[in-house]
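Asks: 3D model of this:
(one chain, ligands or ions: 1)
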Amino acid sequence: MKKAGQVALEVLNIAVALGSKTILHDISFAAKPGEFIGIIGPNGVGKSTLLRSLRGMCAVASGEVRMYGRPILAMSEKELAQHVAYMQQEVNVGFGFTAREVVLTGRYPYLKWWQSEQKQDYAIAQKYMVFTGVDKLAEKPVQQVSGGERQRILLAKVLAQETPLIFLDEPTASLDLVYQEEIFRYCRIMCQEGKTVLIIAHDIKQAAKFCSRLILLADGTVLADGKPQEVITKENLEKAYGLHSAVFINKVTGNLDIHTYEAAGTTTRQRAVHVIGGGGSAGKILRLLYESAYTLSGGVFQQGDTDADIALAFGIAAIVGQPFCEIEKIQAKENREKILAADFTVLCNLCYGQQNFDNLEAAFVARKLIVIEDTPIEERDYTGGKATTVYRNLLKLQQVVVMNSQQFAEQLAAGEGFYPVPD
Ligand SMILES: Nc1ncnc2c1ncn2[C@@H]1O[C@H](COP(=O)(O)OP(=O)(O)OP(=O)(O)O)[C@@H](O)[C@H]1O
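Replies: Numbering: from 1, shown residues only. The predicted structure follows:
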């Protein structure tokens, strides 16, 4: 008997072995009605095994699984099927069955052995075929529908089971982007109606966009469990997938986004570089240097500026000032300290106004300075010529090397350094 406010699913310290191999261990979590939980993790980590165990299709070596307070081992197959509908990764749909017949099989937990489907079962099947947009295919043999349509027919079947819990094992595999999003949207609607959905997903960005919670598996257990932004961090992605990444909020979509990159030859961070930028001038330079394993600092950027966002995404120590304000004394001082502490400094192709003029003056203290020049200084000078004069004086200094950002990228990739002596 389900009661309001009850936990839908409890997983109490389970371990699962297949043959002699322990696949999962120390797994505990609880799921409430209305939660949309994405299960993510690398290939072979045990996501399908976990879902099968929670459905009672794979025995647990220790621990217990409960649905609405009842241990699943105490439930009959029919009772279980009234609690949870499960869409497996590989489903063999019987040859010659129409879409409607397939969806109607979702009603079997409610039929007595002597009964065939009733009028009401047909109505329920119809309702979910409409919901997943396959009602027009009702009389078509499932062998004659597309992969995407087939997935939606199978989803309608799972929904026709009308269970409070729904488990989906990669329901979006082999679907195009539109169908993938649709399945996630259907799930979100179902959760808003009070169901609990557990979905195995490989597309982390999509899972983060739609799921209310993510469970990340690694090394046979739960590495992280929480809201998408708590689970999808560069540290967790590195631990679980061995993936080097920057995690950030995409300003265009407003969604969590991930930038992945190949790690440089060395995993230990090498020489220290300070990047003077702002207004988006430093983004590419910061990314290139970070991916080449330099230890970075940057500034003085302005809050809300993409350079500040990029620094945040990569976990780079950045000096960030208030937008539309002159660089404050304390930030100017910190900027110079970082420049002095760095092995070399990069002055990006930034535009100068009164507010950020100190960024140009600070560059004079650099012992080694690379000046990125993609556009002539005159086109970037909003100080009435003052910045141009100071910039020209800067370029006369012996420690200054001038190049455009393309040359910078090429020299960095070549790994030869920027100076005749090591940087
Ligand atoms: N019958 C079996 N006997 C022994 N080991 C098995 C068996 N079935 C699967 N495994 C192993 O169990 C581990 C977990 O498999 P599982 O399919 O649960 O992983 P997964 O995370 O769902 O993978 P994927 O992302 O590739 O679908 C894998 O290492 C797999 O090789």
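Asks: The closest residue to Tyr261 other than its chain neighbours: neighbouring residues, count only.
Replies: In this structure, Tyr261 finds its nearest non-sequential neighbour in Glu291, 4.7 Å apart by C-beta to C-beta, 6 or more residues apart in numbering. In this view, the C-beta of every residue, glycine as well, is placed from N, C-alpha and C. By other C-beta atoms under 10 Å, the residues close to Glu291 number 17.
Asks: For Asp381, see how far away Glu291 is.
Replies: Using C-beta to C-beta, to the nearest Å, Glu291 is found at 31 Å from Asp381.
Asks: follow-up on the earlier one: how much space between the residue nearest to Tyr261 and the ligand?
Replies: 27 Å (C-beta to the nearest ligand atom, to the nearest Å).
Asks: again with Ser48
Replies: 3 Å.
Asks: in which helix or strand would I find Arg100?
Replies: According to DSSP states H and E, Arg100 maps onto helix 99-104.
Asks: helices or strands up against that helix?
Replies: Packing contacts for helix 99-104, counted by 3 or more C-beta pairs under 8 Å, 6 or more residues apart in numbering; DSSP states H and E, involve helix 119-131, helix 147-160.
Asks: closest to the ligand out of the ones you listed?
Replies: Across the helices and strands packed on helix 99-104, the ligand has its closest neighbour in helix 147-160 (16.2 Å, C-beta to the nearest ligand atom).
Asks: Can you pull the residues of the protein lying near the ligand?
Replies: Leu18, Gly19, Lys21, Ile23, Gly41, Asn43, Gly44, Val45, Gly46, Lys47, Ser48, Thr49 (C-beta under 6 Å from any ligand atom).
Asks: Walking through the stretch 251-400 of the chain, point out its helices one by one.
Replies: 283-291, 306-314, 329-341, 357-362, 386-395 (DSSP state H, counting those that start in this stretch).
Asks: Let me have those helices in TSV, extended by mean pLDDT and distance to Cys351.
Replies: Shown next, in TSV, are these (pLDDT from 0 to 100; distance: least, C-beta to C-beta, whole Å):
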stretch	mean pLDDT	distance to Cys351
helix 283-291	91	14
helix 306-314	90	12
helix 329-341	96	17
helix 357-362	96	10
helix 386-395	97	9
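Asks: Now distance to Arg152 too, for those helices, in JSON lines please.
Replies: Converted to JSON lines, the helices of the stretch 251-400 of the chain look like this (distance: least, C-beta to C-beta, whole Å):
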{"stretch": "helix 283-291", "distance to Arg152": "40"}
{"stretch": "helix 306-314", "distance to Arg152": "36"}
{"stretch": "helix 329-341", "distance to Arg152": "55"}
{"stretch": "helix 357-362", "distance to Arg152": "55"}
{"stretch": "helix 386-395", "distance to Arg152": "60"}
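Asks: nearest to Val231, of those helices?
Replies: helix 306-314 (16.3 Å; C-beta to C-beta).
Asks: helices and strands around that closest one, which ones?
Replies: strand 244-249, helix 283-291, strand 294-302, strand 317-321.
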